[in-house]
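**Q** coordinates for the following, if possible.
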Amino acid sequence: MLPDGVDFDRAAALPVAAVTALRALRRFGSVLGRPILVTGAAGGVGRFAVQLAAQSGAHVIASVGSAGRGDGLKELGAAEVIVGVEGLTGPLHGVLDNVGGPNQVAAFGLLAEGGSIQSIGATSGEPAVYPPYSTVGPQRRLEAFMMGSGLGEDLAFLTSLVAAGKLDVEIGYRGSWENSEDAIAALLGRKVVGKAVLDVS
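**A** Have a look, this model is predicted:
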């Protein structure tokens, strides 16, 4: 049962991406007033993470692959929008990483003591190679993330945010299930901002 004002299109975009963002952010503990980096911030998980972290009081730094993909992220709550992580200075309380590769290695070096990276994806397709001794020092964590099960309560919470106008669901691609290969190509080519929704008829 969906709340009034929440259509099936937007609800369909929540179960994986929004729940992943919500549960990954919870692993950081309190983020009030703390810097949180979201890599791949223009994607489905990233856009939800930016919004949820900002609503929790974090100073959100949204990292994107190109300047154009950062459009609209400040309106969603990002305090800063950057391309990649070059020039970024720490310390960071947490990193919600959708990109992996060299960006992840650089972000790990910016973590504050007790900070952590939640590794959600590796859209860069590049290996994350940590130089010798780069992990020696103050306690910091790199954690693999798995969404888990039992989504009901979290979905109810997220749909209530959508109904209240507090969570924006960006549908960047809409098409037919029969042409799913087009959606896959658009996603892999990073041509989709937000989520892709396919109609089954």
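**Q** wait, Leu158 touches Arg23, no?
**A** No. Applying C-beta atoms under 8 Å, one finds Leu158 not in contact with Arg23, separated by 10.9 Å. Every C-beta, even on glycine, is put in place using the N, C-alpha and C of the backbone.
**Q** with neighbour numbers in mind, choose between the two.
**A** Using other C-beta atoms under 10 Å, the more surrounded residue of Leu158 and Arg23 is Leu158, with 25 against 17.
**Q** what's the spacing between the more buried one and Leu14?
**A** Taking C-beta to C-beta, to the nearest Å as the measure, Leu158 and Leu14 are separated by 5 Å.
**Q** who are the neighbours in contact with the most centrally placed residue in the chain?
**A** Of all residues in the chain, the one closest to the mean position by C-alpha atoms, centre = their mean is Gly46, 2.3 Å from it. By C-beta atoms under 8 Å, 6 or more residues apart in numbering, Gly46 lies in contact with 21, 38-40, 62, 96, 98.
**Q** check which helix or strand it maps to.
**A** helix 44-55 (DSSP states H and E).
**Q** cool, Leu25 as well?
**A** helix 19-26.
**Q** which strands and helices sit next to that helix?
**A** helix 44-55, strand 92-97, helix 152-163 (3 or more C-beta pairs under 8 Å, 6 or more residues apart in numbering; DSSP states H and E).
**Q** go again with 6 Å.
**A** helix 44-55 (3 or more C-beta pairs under 6 Å, 6 or more residues apart in numbering; DSSP states H and E).
**Q** this protein: helices as residue ranges?
**A** 8-12, 19-26, 44-55, 101-108, 152-163, 180-188 (DSSP state H).
**Q** tell me which of those sits most buried.
**A** helix 44-55 (a mean of 27; mean count of other C-beta atoms under 10 Å).
**Q** tell me what angle it forms with helix 19-26.
**A** 40 degrees (axes from the mean of the first three to the mean of the last three C-alpha atoms, to 10 degrees).
**Q** that's all I had, so thanks and see you.
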